[in-house]
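Undergrad: Model the structure of this input:
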Amino acid sequence: MTSLHGYEIDSDVPLNRASEAHGELGRIEVRAAPDLPLDTPAAELVHLVVDAELTPHYASARLGDRVLAWHTDAGSFVIDPASMRISHRAADTALEAGAERWEDRLASNAIPLLLAELGGLSLHAAANLVDDRVVVICGVTGRGKSTLSAALAAAGHPSLGEDGIVLRSADAGHVAWPGARGSLLTEPAAATIGASSANGAVDLRGRRLHDGLRTADRPGQVAAIAFLRERGGSEVAIERTDPAKTHREILDHLLTAERVGIRKFAGSARVAESVDGALLRVPDSLDAVTEAAERLAALARAG
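TA: Purely as a prediction, here's the structure:
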């Protein structure tokens, strides 16, 4: 059975991007929902994300001990930590984007939200293995997480995931397990790093799935976290951050369906104290991607 984030996934929908790593941490069941979760009157809204026209495209809410996550392009997921079950309803989709997008939302959002309920630190981030160390790349949508992660993979540093990473406490710090395989890249980005094996439809941001790049088959210890700034400037710039600044940045990239309380605050502080943090700015030119990936690999080795 394939896995995501260290857990075996028993899904009623075929998963093409799941990791081949052994799921040592447990088992998650994914099944179609028999009910209409969006009609639940007792839901407590936690997050709402809208576009420039104020049209909602993501929301999360509490349903008691369960979590509801809705995506305009993937429908709804009801996440039940007690049963380790995720119920899905694609009929709640407002914008049809296909099976690839649904699987991406499951792997990068729904399962990380489940694991965050169980004590993991889930981040809107990409990550790669550099030797046995992990470099995590945090950034808001559109700043190049996927492209940088793919560039690292093309340089021989296997990808652990491009859009959702879960950190787990371990004896010597924190570890990250493999998430979804493949990278969503525009054709110019793919050409720059030499990625091939594109398949699937083009998404709304002009990207296609490239699944021929190296992917991790084992977890690694987190050594460094880089936070992407808005693209700009004429050269790659990297600035080390102290633990306090690293902690503040981590809090901005948490994937959670609850307001940040003591547990998440303390957990992210422990991560900040155990890794090297850095701010990374990359010029708005694909020519700088290879250098930025090299700088990230060096950051991981030094961590």
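Undergrad: quick one: average confidence on the host helix or strand of H57?
TA: Here H57, judged by DSSP states H and E, is contained in strand 56-63. Averaged across strand 56-63, pLDDT comes to 92.
Undergrad: Identify the residues contacting that strand?
TA: 37, 40, 42-51, 67-73, 78, 95, 113, 257-258 (Cβ atoms under 8 Å, 6 or more residues apart in numbering). C-beta coordinates here come from the backbone N, C-alpha and C atoms, glycine included.
Undergrad: again with stretch 1-10
TA: With Cβ under 8 Å, 6+ apart, stretch 1-10 has contacts from 15, 18-30, 107, 111-112, 115, 120, 166, 168, 177-180, 219.
Undergrad: Are any of those residues buried, and if so which?
TA: 15, 18-19, 21, 23, 25, 28, 30, 107, 111-112, 115, 120, 166, 168, 177-180, 219 (16 or more other Cβ atoms under 10 Å).
Undergrad: What about these, which are in strands?
TA: Counted as lying in strands by DSSP state E, out of those, are 28, 30, 166, 168.
Undergrad: Identify the residue nearest the second one in space, chain neighbours excluded?
TA: Closest residue to V30 in three dimensions, ignoring its sequence neighbours and counting by Cβ to Cβ, 6 or more residues apart in numbering: S11, at 3.9 Å.
Undergrad: how about that neighbour, what does it touch?
TA: 29-31.
Undergrad: Return the distance of the nearest residue to V50 once chain neighbours are set aside relative to G142.
TA: Excluding the flanking residues, the one nearest V50 by Cβ to Cβ, 6+ apart is P56, at 5.3 Å. Distance from P56 to G142, counting by Cβ to Cβ, to the nearest Å: 19 Å.
Undergrad: What of R105?
TA: 17 Å.
Undergrad: between those two, who's got more neighbours?
TA: R105 (23 against 11; other Cβ atoms under 10 Å).
Undergrad: Now find how far off-centre the helix or strand containing the more buried one is within its chain.
TA: Applying DSSP H and E as the criterion places R105 in helix 98-105. The chain centre lies 14 Å from the centre of helix 98-105; the measure is Cα atoms, centre = their mean, to the nearest Å.
Undergrad: Show me the shaky parts of the chain.
TA: 36-41 (pLDDT under 70).
Undergrad: Show me it divided up by domain.
TA: Domain ranges of the chain: 3-118, 122-302, per automatic domain parsing.
Undergrad: quick one: contacts for the closest residue to R85 other than its chain neighbours?
TA: Spatially, and ignoring its direct neighbours in sequence, R85 is nearest to E29 (4.6 Å; Cβ to Cβ, 6+ apart). The neighbours of E29, taking Cβ under 8 Å, 6+ apart as the test, are 10-11, 83-86.
Undergrad: Most neighbours among these, which one is it?
TA: The member of the contacts of E29 that has the most neighbours, counting by other Cβ under 10 Å, is I86 with 23 neighbours.
Undergrad: Name the SS class of that residue, please.
TA: State at I86, reduced to three classes by DSSP: H, G, I helix; E, B strand; the rest coil: strand.
Undergrad: Determine which two of the contacts of E29 are furthest apart.
TA: Spanning the widest gap among these are S11 and S83, at 14.8 Å by Cβ to Cβ.
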